[in-house]
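Q: Here's a sequence, model it:
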Amino acid sequence: MRHQIDWSATAAWIALAISIISPAITTLLTNHHQLKLRKLDIREKHADTYNTARISTIEEFISKVSKYISHPSASNEHEYAECYFRVYTYVPQSLWPFLDDLNENLTSNYSDDTLILFRNISKSLACLLKEEPLILPSEWSNSPEASN
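A: Next up is the predicted model:
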């Protein structure tokens, strides 16, 4: 006895299975894609917040140090000291020794070298803000930009 396949019934069952499975697969893929987009959005917002804080902190640091160098007073020193340690969070470790030297010069033996060091640190910080390759303060006197 041969079994005959009822192709119309088989087609109906296949159509029913596809109609049930297809929306579920589509929903899973859509949700997975939406989750990826949401994670990217969160990362982007975090990066924007970090970059805004970085720019603000570096600009404040340059401003407060400039103010303290041009008008050394107790109040300007206090303002400078408030922003001094915050800048470490937003600059590469390679700049830390230069910031340490600047702070030491500003708090003890202020000299013309202090102004030169601050000028070179400011140039390095400007590189960071413009997202250019970092040139360390010690390299500014050797770079082509130093002659400009």
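Q: What residues sit buried inside the least confident helix or strand in the chain by mean pLDDT?
A: When the helices and strands of the chain are compared on mean pLDDT, DSSP states H and E, helix 74-84 comes out lowest with a mean of 88. Residues of helix 74-84 classed as buried by neighbour count (16 or more other Cβ atoms under 10 Å): 76-77, 79-80, 83-84. Any C-beta I mention is one placed from the backbone N, CA and C, and that applies to glycine too.
Q: Determine the set of other helices and strands touching the longest helix anywhere in the chain.
A: Looking across the chain with DSSP state H, the single longest helix is helix 7-70. On a contact count with 3 or more Cβ pairs under 8 Å, 6 or more residues apart in numbering; DSSP states H and E, helix 7-70 meets helix 74-84, helix 96-107, helix 112-129.
Q: Taking helix 96-107 as reference, get the angle to the first one.
A: So that's helix 74-84. Interaxial angle of helix 74-84 relative to helix 96-107 (axes from the mean of the first three to the mean of the last three Cα atoms, to 10 degrees): 170 degrees.
Q: The chain should start at 240 in everything you say after this.
A: That works, and once the first residue is 240, the last one we named lands at helix 313-323.
Q: Not including adjacent chain positions, what is the nearest residue to Tyr323?
A: Asn342 (6.1 Å; Cβ to Cβ, 6 or more residues apart in numbering).
Q: where's the one you found relative to Leu356, distance?
A: 10 Å (Cβ to Cβ, to the nearest Å).
Q: Between those two, which has more neighbouring residues?
A: Leu356 (20 against 15; other Cβ atoms under 10 Å).
Q: OK, contacts around the more buried one?
A: Shown in contact with Leu356 (Cβ atoms under 8 Å, 6 or more residues apart in numbering): 337, 340-341, 344, 376.
Q: And for Ile294?
A: With Cβ under 8 Å, 6+ apart, Ile294 has these contacts: Leu368.
Q: How about the one 5 residues further on?
A: Glu299 sits next to 322, 325 when contact means Cβ under 8 Å, 6+ apart.
Q: do that again at 6 Å, thanks
A: Cys322 (Cβ atoms under 6 Å, 6 or more residues apart in numbering).
Q: what distance separates stretch 250-264 from the middle of the whole chain?
A: When distances are taken as Cα atoms, centre = their mean, to the nearest Å, stretch 250-264 is centred 48 Å away from the chain's centroid.
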